[in-house]
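>>> One predicted model, sequence on top.
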Amino acid sequence: MVSETKAKVVYRELLKVDLVVLRLVPENGMPKFQTGQFLTIGVPIPAEKKIVRRAYSIASHAENKDYFEFVIRWVRKPLPGRVTTELFYASVGDEVFLGDPTGNALQISDTLPNGQKDNRRVICVGGGTGLAPFIAFAKHFHDTNDKREVVILHGASYVDELSYKRLLTDLELESEKVGRDKWNFRYRAAISRPKEYFNRSWNGHTGRVESFFKPDKKTGMSPVEEMVGEEITPDNSIIYICGYQGTIDGVIDSLESKGFVTEHEKKDDGSFGIKFESYG
Ligand SMILES: Cc1cc2nc3c(=O)[nH]c(=O)nc-3n(C[C@H](O)[C@H](O)[C@H](O)COP(=O)(O)OP(=O)(O)OC[C@H]3O[C@@H](n4cnc5c(N)ncnc54)[C@H](O)[C@@H]3O)c2cc1C
Ligand SMILES: NC(=O)c1ccc[n+]([C@@H]2O[C@H](COP(=O)([O-])OP(=O)(O)OC[C@H]3O[C@@H](n4cnc5c(N)ncnc54)[C@H](OP(=O)(O)O)[C@@H]3O)[C@@H](O)[C@H]2O)c1
């Protein structure tokens, strides 16, 4: 039996023709959930005479008791996606159905297997809308005054798909202003189609987001290691990835030789350095 509740659209921000930020408020109040989880949004599809449900990562954090936020791509090819087409026609005030928050693939690791606090650097890798859970991470770490170093890497095809660029840039500027001993945050984006005219002004990192982990042939350091100023190891960093399987595989390929294993393939002592959620 699917447990779900009605929810109202309270905010809608079209970022581009096929990318939208939605905020939803459940009719019975906000349920408890964990930062990094996802839930299903259901919409009635008249032609099918039923409610169709799809999973969406929650982009807001557990401390936000006002609404759920989502960033959603309208799937248009080869045929318009059923749920995303309905969501793109939804207006403020419209109702949808929400399932219970679920999933622990991107649950934040706060404790090591030996019981000590997990103080490792947190590196988040989001491909496209796979950034969503890491927006929740960033706000959670910020609002709970967490002192861990947090790095967010976002990959997109086009510069206008860097959906939370302003928020993430502001969080990094705050770090520089207040001091990294108080709030230690970095954000970098990668544009994978740099030669396209629309991206002509981009002067940041180019390539798919997993290329942040590829070591430079001369120095042996990857761009993310250059940024944090040291080699990343499973002892000093934990990596969270959300996106295409190709993104996940690409990051894992670069990190395996450093001794990183995923949560699914923990070491004998229960330790791991990679957690991920695939687009499926
Ligand atoms: C854990 C998880 C979290 C997710 N989080 C997000 C998120 O934060 N944001 C987000 O945008 N998405 C997210 N997704 C993806 C989301 O769940 C949906 O898969 C996506 O939005 C497409 O749903 P849809 O109903 O619009 O498309 P569907 O109708 O399911 O279509 C899916 C694909 O099949 C094609 N298709 C449909 N019908 C046909 C047909 N008859 N013949 C050939 N092809 C066809 C469509 O063109 C499309 O490419 C997440 C998925 C998972 C598993
Ligand atoms: N958690 C989830 O399951 C989840 C979350 C969000 C979205 N989705 C679904 O995933 C689909 C696309 O999502 P999106 O719009 O966010 O992504 P997108 O904007 O199409 O792509 C984001 C980035 O991923 C790269 N990419 C494309 N194909 C790849 C591959 N096979 N391997 C590695 N990288 C790849 C793109 O590079 P190029 O420029 O080279 O193409 C781009 O840099 C949508 O259907 C969406 O509904 C699922």
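Structure's in. What do you need? Ligands and ions are numbered 1, 2, ... in the order given.
>>> Can you find the residue of this structure that comes nearest to ligand 1?
G81 (2.0 Å; C-beta to the nearest ligand atom). Placement of C-beta: from N, CA and C, glycine included.
>>> tell me the contacts of the residue nearest to that residue when sequence neighbours are not counted?
Computed as C-beta to C-beta, 6 or more residues apart in numbering, the closest residue to G81 that is not its neighbour in sequence is V75, at 3.2 Å. For V75, the contact set (C-beta atoms under 8 Å, 6 or more residues apart in numbering) comprises G81, T84, T85.
>>> Need the pLDDT of the first one.
Model confidence at G81, expressed as pLDDT, equals 96.
>>> just V2 next, same as before
61.
>>> Same question for T111.
With respect to pLDDT, T111 has a value of 98.
>>> What's opposite it in the beta bridge?
As for beta bridges, T111 partners with K117 under DSSP bridges.
>>> Could you tell me how far it is located from ligand 2?
Note on T111: its distance to ligand 2, by C-beta to the nearest ligand atom, to the nearest Å, is 25 Å.
>>> do P215 as well
19 Å.
>>> swap in G270?
26 Å.
>>> where along this protein do the strands fall?
In the chain, the strands defined using DSSP state E lie at 4-16, 19-26, 38-45, 50-57, 68-73, 95-99, 121-127, 149-156, 184-191, 205-206, 237-243, 274-278.
>>> isn't T233 right up against G259?
Yes - taking C-beta atoms under 8 Å as the definition, T233 is a contact partner of G259 at 6.7 Å.
>>> Quick one: the strands of the chain as a markdown table, columns for distance to S163 and mean neighbour count too.
Formatted as a markdown table, the strands of the chain follow (distance: least, C-beta to C-beta, whole Å; neighbours: other C-beta atoms under 10 Å):
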| stretch | distance to S163 | mean neighbour count |
| --- | --- | --- |
| strand 4-16 | 6 | 15 |
| strand 19-26 | 7 | 20 |
| strand 38-45 | 17 | 20 |
| strand 50-57 | 12 | 17 |
| strand 68-73 | 5 | 22 |
| strand 95-99 | 20 | 19 |
| strand 121-127 | 10 | 26 |
| strand 149-156 | 8 | 24 |
| strand 184-191 | 10 | 22 |
| strand 205-206 | 17 | 16 |
| strand 237-243 | 13 | 25 |
| strand 274-278 | 17 | 21 |
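>>> Spell out which residues of the protein are next to ligand 2.
Applying C-beta under 6 Å from any ligand atom, we find that the chain lies next to ligand 2 at 57, 73, 75, 127-130, 155-157, 161, 192-193, 208, 242, 244, 246-247, 277, 279-280.
>>> OK, contacts around K6?
Counting by C-beta under 8 Å, 6+ apart, K6 has contacts P26, E27, E95, V96, F97, L98.
>>> Can you tell me how far it is from D160?
Going from K6 to D160 by C-beta to C-beta, to the nearest Å gives 33 Å.
>>> Ok, L87 next?
19 Å.
>>> Between these two, which is the more surrounded one?
Neighbours per residue, other C-beta atoms under 10 Å: of L87 and D160, the larger number sits with L87, 22 against 14.
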